[in-house]
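*Asks:* Coordinates only, no sequence provided:
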C-alpha cells in the first residue's frame, strides 16, 4: 500500500523560507512522477509543482515559479519542496501526491494522481 507522509510545515514570516518533505513507501519510488498541491481556507485545492520520475522535468504553477523548487532523492524515497520568499498568500495545507502509472508524467491535474498524503500546514504571517 502506498503511503505518503508530508513534514516540514510551520509558521514563518513573509519573506522567509521552509522546506517540505514527502516520504513515500509501499512501492518503487523512483518509477513514479510526484506532485505538490495546496489548499487554502475556503479555496479549491490547486497545483503547485510536479517532478518526473527521474527528476529531469519539473513544472510549476505561475504563482510559485522562481520562488519554489521541487526536487527528489530517489535513494531516500523522498520528495522536497523548497519554498523561498514566502508570501501570506502561500498560506495553505500542502499535500504531496503520486500517480498510479509508472514512467509517465509529471502531471499538473489532480485527476492524474491516485495517492495523497495527509497534508502539512504552512502559515505565512505578514
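*Replies:* Arrived safely, thanks for sending. Just so you know, these numbers come straight off a predicted model, no measurement behind them.

*Asks:* Would you state the strands of the protein in chain order?
*Replies:* Secondary structure of the chain, counting by DSSP state E: strands at 3-7, 10-13, 18-25, 34-39, 46-51, 58-60, 68-73, 78-83, 92-99, 113-116, 120-125.

*Asks:* Is it correct that residue 59 is in contact with residue 112?
*Replies:* No: look at residue 59 against residue 112 with C-beta atoms under 8 Å: they stay out of range, at 11.8 Å. Any C-beta I mention is one placed from the backbone N, CA and C, and that applies to glycine too.

*Asks:* Is it possible to get a markdown table of the strands of the chain that adds mean pLDDT and distance to residue 107?
*Replies:* Shown next, in a markdown table, are the strands of the chain (pLDDT from 0 to 100; distance: least, C-beta to C-beta, whole Å):
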| stretch | mean pLDDT | distance to residue 107 |
| --- | --- | --- |
| strand 3-7 | 97 | 15 |
| strand 10-13 | 98 | 27 |
| strand 18-25 | 97 | 15 |
| strand 34-39 | 98 | 6 |
| strand 46-51 | 98 | 6 |
| strand 58-60 | 98 | 8 |
| strand 68-73 | 98 | 13 |
| strand 78-83 | 98 | 14 |
| strand 92-99 | 97 | 6 |
| strand 113-116 | 96 | 7 |
| strand 120-125 | 98 | 21 |
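
*Asks:* Of all those strands, which one is nearest residue 105?
*Replies:* Closest to residue 105 of the strands of the chain, according to C-beta to C-beta: strand 92-99, at 5.8 Å.

*Asks:* starting at the chain centroid, how far to the closest one?
*Replies:* Centroid separation between strand 92-99 and its chain, computed with C-alpha atoms, centre = their mean, to the nearest Å, is 5 Å.

*Asks:* and it, which strands flank it?
*Replies:* With DSSP bridges as the test, strand 92-99 is paired with strand 34-39 (antiparallel), strand 113-116 (antiparallel), strand 120-125 (antiparallel).
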